[in-house]
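# Turn this into a structure:
(chains A, B and C)
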Amino acid sequence: MNVVTKTISFSTRGNTDIIDITDRVNKALVESKLKEGAVTISVIGSTGGLTTCEYEPGLISDLKRVIEELVPKNKGYAHDGGWEGGNAHSHLRASLFGASLTFPFVNGELLLGTWQQIIFIDFDTRARQRKVILQFLGV
Amino acid sequence: MNVVTKTISFSTRGNTDIIDITDRVNKALVESKLKEGAVTISVIGSTGGLTTCEYEPGLISDLKRVIEELVPKNKGYAHDGGWEGGNAHSHLRASLFGASLTFPFVNGELLLGTWQQIIFIDFDTRARQRKVILQFLGV
Amino acid sequence: MNVVTKTISFSTRGNTDIIDITDRVNKALVESKLKEGAVTISVIGSTGGLTTCEYEPGLISDLKRVIEELVPKNKGYAHDGGWEGGNAHSHLRASLFGASLTFPFVNGELLLGTWQQIIFIDFDTRARQRKVILQFLGV
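Numbers count the residues shown, from 1 in each chain, chains lettered A, B, ... in the order given. This next block holds a predicted model:
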């Protein structure tokens, strides 16, 4: 049993920018040379989230809309001092969606559906450089 | 340290059908012969979700109601081409609830509360045959 | 590769009491003597949840408000027999936020952001003594 920890980084535009990181995870899995085990994917930072979604443009726009409906911006949040323009909603959305995922792999391949992509959501209000950790535990 | 990967499959009726899979996970844990470690449970597909809940009929109906209130169906989602009858809401609900869980086990038993069941939620709009992966890492 | 399972316990006041458990997780990581791997953190019980959040008083009050808006209490839930005063909302909130997290560690340190704390949320309606499992898998 081995552990292999990798970091991927990429630019985002913020404001619920949704990035498909599946290919990056697959590439890192090949490099790890592990065949069977689980990968934990986690965000460093409190305004990013991870989940899975079919990466289809219509659905991505629907997801942005649902996120805004669930936790609207500019609702006079205390973290923003009651003002508009802060990023309290970014934090709150990140807490709701979660900052880590774990998925199994077998025969060197992630066990995901064809229409099931791993997505990073940048909830923050500005463009950022993001780091996501990929840690593979397995044989 | 060993890794044991199993697949369970079962029929669902779709439309927020909620299935208690705790007994299946416990059975697979016994078969794995592992005593201490963690099991990662994941859905293959983008319209199914996993979480925990007391599997009590009233609460299960409450959960279905909350899901409909959080992400209503037939809201003119782009993924459905703006029409009713699509499954955009199924995808969106799955992204919100998440497609994987990880739980520890010790002495060959999952560390769950008595009223804490592992549930699979089929958010899709039709009956399906579902596959869920159970991967045990441990000794 | 080793597995180390620990339990932490603490008192909560219920009613969306939000506890920062990051220091407890770090302390247990040091005690485990493991340097690289992943920790799975899980709640025993069906009315507690885990996520990450910047532990800042304004944001914590915002998070409590968002939780009440997402899954309000006293909505005539079936689990409460249609009455007020039950804890159906506690269960439903726990199912939405989730009962487990997994985070990687490297060089004996959790890979979290400076403003990213691990929080336990007690959704129940009364003060409780809570148990959270910390299971470290690694080398």
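
# what are the ranges of the helices in chain A?
A:22-32, A:57-70, A:88-97 (DSSP state H).

# Output these as TSV; include the columns distance to A:Arg13, mean neighbour count and mean pLDDT.
From N, CA and C alone the C-beta is placed, and that goes for glycine too. Formatted as TSV, the helices of chain A follow (distance: least, CB to CB, whole Å; neighbours: other CB atoms under 10 Å in any protein chain shown; pLDDT from 0 to 100):
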stretch	distance to A:Arg13	mean neighbour count	mean pLDDT
helix A:22-32	18	17	98
helix A:57-70	12	18	98
helix A:88-97	13	26	98
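
# C:Gly76 is nearest to which of those?
Proximity to C:Gly76 (CB to CB) singles out helix A:57-70 among those, at 21.8 Å.

# Check whether that closest one comes into contact with chain B.
Yes - using CB under 8 Å from any CB of the partner chain, a contact is recorded between helix A:57-70 and chain B, made by A:Pro57, A:Gly58, A:Leu59, A:Ser61, A:Asp62, A:Leu63, A:Arg65, A:Val66, A:Leu70.

# Also stretch A:6-21?
No - applying CB under 8 Å from any CB, one finds stretch A:6-21 out of contact with chain B, separated by at least 9.9 Å.

# do that stretch and chain C meet at all?
No - shown here: stretch A:6-21 not in contact with chain C (CB under 8 Å from any CB), separated by at least 8.7 Å.

# likewise stretch A:116-129?
No - applying CB under 8 Å from any CB, one finds stretch A:116-129 separated from chain C by no less than 11.7 Å.

# could I get that stretch in PDB with only the CA atoms?
The C-alpha coordinates for stretch A:116-129 follow below in PDB (Å, rounded to 0.1, in the frame of the first residue of the first chain):
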ATOM      1  CA  GLN A 116     -20.000  12.300 -14.300                       C
ATOM      2  CA  GLN A 117     -17.200  14.900 -14.100                       C
ATOM      3  CA  ILE A 118     -15.300  16.100 -11.100                       C
ATOM      4  CA  ILE A 119     -15.800  19.900 -10.800                       C
ATOM      5  CA  PHE A 120     -14.100  22.600  -8.800                       C
ATOM      6  CA  ILE A 121     -16.300  25.600  -8.100                       C
ATOM      7  CA  ASP A 122     -14.700  28.900  -7.300                       C
ATOM      8  CA  PHE A 123     -17.200  30.700  -5.100                       C
ATOM      9  CA  ASP A 124     -14.900  33.700  -4.500                       C
ATOM     10  CA  THR A 125     -15.700  37.100  -6.000                       C
ATOM     11  CA  ARG A 126     -12.500  37.500  -8.000                       C
ATOM     12  CA  ALA A 127     -10.100  35.700 -10.300                       C
ATOM     13  CA  ARG A 128      -7.700  33.500  -8.300                       C
ATOM     14  CA  GLN A 129      -4.900  30.900  -8.700                       C
END
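
# buried residues in it?
For stretch A:116-129, burial by neighbour count (16 or more other CB atoms under 10 Å in any protein chain shown) applies to A:Gln116, A:Gln117, A:Ile118, A:Ile119, A:Phe120, A:Ile121, A:Asp122, A:Phe123, A:Asp124, A:Thr125, A:Arg128.

# what's the spacing between the last one and chain C?
According to CB to the nearest CB, to the nearest Å, A:Arg128 and chain C sit 12 Å apart.
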